[in-house]
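S.K.: give me a 3D structure for the following:
(one chain, ligands or ions: 1)
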Amino acid sequence: MEIPERLELALRDGTPAIARPLVPEDRPALVEAYRRLSPEARFNRFWTHTGEVVGDKMLDRVLDQDPATHVTWTVLDPSREFSPLGGASWWRGGHDPSEVEISFLVLDDEQGRGIGTLLLAIMWLTAFRAGAESMVGYVLVENRHAANWLCACGASGEWDGYKLIYRWNLHHLDALPETRPAAELAMWLATLAPKILP
Ligand SMILES: CC(C)(COP(=O)(O)OP(=O)(O)OC[C@H]1O[C@@H](n2cnc3c(N)ncnc32)[C@H](O)[C@@H]1OP(=O)(O)O)[C@@H](O)C(=O)NCCC(=O)NCCS
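M.R.: Just a heads-up that it's a prediction; the model follows:
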């Protein structure tokens, strides 16, 4: 079974939303989404002060997808003129093919609506489908919001002296803690697994 081209969903507050992989035609929307981000959100995602203009190399890197090595999904509100709410990617490096690295970005005004947790479930399932066994995310120490969120979603955390490292074993769903983000993650995993897994 192929992964559907788009998933029609409802966010926590009932807002109808679409989740789908990015396509090359999304390039102008990505440029605009990047421009709209706060400097803080950009820094937390890219770890450098980049300004409002996203470079072509970064756009190429995000848009160049391969279901086995690099996947990027976006969540959209189709009722809006500018529809992107957020996105997430995973990459599989050469050194350990059993693990993928994930990253997330939700537009500032849309944070706290459950979009990050929905994207986390999609990353989990698409990575699992691609044969990954674990998933890792790196977070700057000062990014307490992301750190608390990933911890609440059941990742085991460590600090390497520079960044926080959050890792999940994709086979261990039973290890999720009793927190609201983890309950929401489990709900999305159960809802989306029949649509995303073969
Ligand atoms: C980190 C990030 C992806 C989370 O996405 P999100 O859509 O806000 O996540 P959710 O709405 O699913 O929130 C999950 C939890 O985060 C916490 N949270 C959400 N918004 C918050 C806010 N503004 N302040 C503090 N905590 C917040 C809550 O604990 C929430 O749990 P709840 O469901 O009990 O309220 C988003 O904040 C973001 O894009 N930040 C900038 C980039 C970044 O830091 N990326 C992470 C490194 S790759």
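
S.K.: how many residues are close by the closest residue to the ligand within the chain?
M.R.: Nearest to the ligand in the chain, going by C-beta to the nearest ligand atom, is residue 116, at a distance of 2.3 Å. C-beta coordinates here come from the backbone N, C-alpha and C atoms, glycine included. Counted by other C-beta atoms under 10 Å, the residues lying close to residue 116 total 24.

S.K.: let's verify it: helix, strand, or coil?
M.R.: For residue 116, the assignment made with DSSP: H, G, I helix; E, B strand; the rest coil gives helix.

S.K.: with residue 164 as the reference, measure out to residue 82.
M.R.: Counting by C-beta to C-beta, to the nearest Å, the separation of residue 82 from residue 164 is 32 Å.

S.K.: which one's more surrounded, these two?
M.R.: Higher neighbour count among residue 82 and residue 164: residue 164, with 21 against 12, using other C-beta under 10 Å.

S.K.: the one helix or strand that one maps to - which strands sit beside it in the sheet, and in what orientation?
M.R.: Take DSSP states H and E as the rule and residue 164 turns out to sit in strand 163-169. Partners of strand 163-169 in the sheet, by DSSP bridges, are strand 134-140 (antiparallel), strand 156-159 (antiparallel).

S.K.: buried sites along the shortest one?
M.R.: The one in question is strand 156-159. By neighbour count on 16 or more other C-beta atoms under 10 Å, the buried set for strand 156-159 is empty.

S.K.: ok, now the longest one?
M.R.: Along strand 134-140, these residues count as buried under the neighbour rule (16+ other C-beta under 10 Å): 135-139.

S.K.: quick one: buried residues of stretch 13-30?
M.R.: Per 16+ other C-beta under 10 Å, stretch 13-30 contains these buried residues: 15, 17, 19-22, 26-27, 29-30.

S.K.: about what we covered before: looking at the strands paired with strand 163-169, which is closest to residue 190?
M.R.: strand 134-140 (17.7 Å; C-beta to C-beta).

S.K.: may I have stretch 67-80 as PDB, with CA atoms only?
M.R.: Provided in PDB are the C-alpha atoms of stretch 67-80 (Å, rounded to 0.1, in the frame of the first residue of the first chain):
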ATOM      1  CA  PRO A  67      11.100   7.900   0.900                       C
ATOM      2  CA  ALA A  68      14.100   5.800   2.100                       C
ATOM      3  CA  THR A  69      16.400   8.600   3.200                       C
ATOM      4  CA  HIS A  70      14.600  12.000   3.600                       C
ATOM      5  CA  VAL A  71      11.000  12.800   4.100                       C
ATOM      6  CA  THR A  72       9.400  16.200   4.800                       C
ATOM      7  CA  TRP A  73       5.700  16.700   5.700                       C
ATOM      8  CA  THR A  74       3.700  19.800   6.100                       C
ATOM      9  CA  VAL A  75       0.400  20.500   7.900                       C
ATOM     10  CA  LEU A  76      -1.900  23.000   6.100                       C
ATOM     11  CA  ASP A  77      -5.100  24.800   7.000                       C
ATOM     12  CA  PRO A  78      -6.900  24.800   3.600                       C
ATOM     13  CA  SER A  79      -9.400  27.500   4.700                       C
ATOM     14  CA  ARG A  80      -6.600  30.100   4.800                       C
END
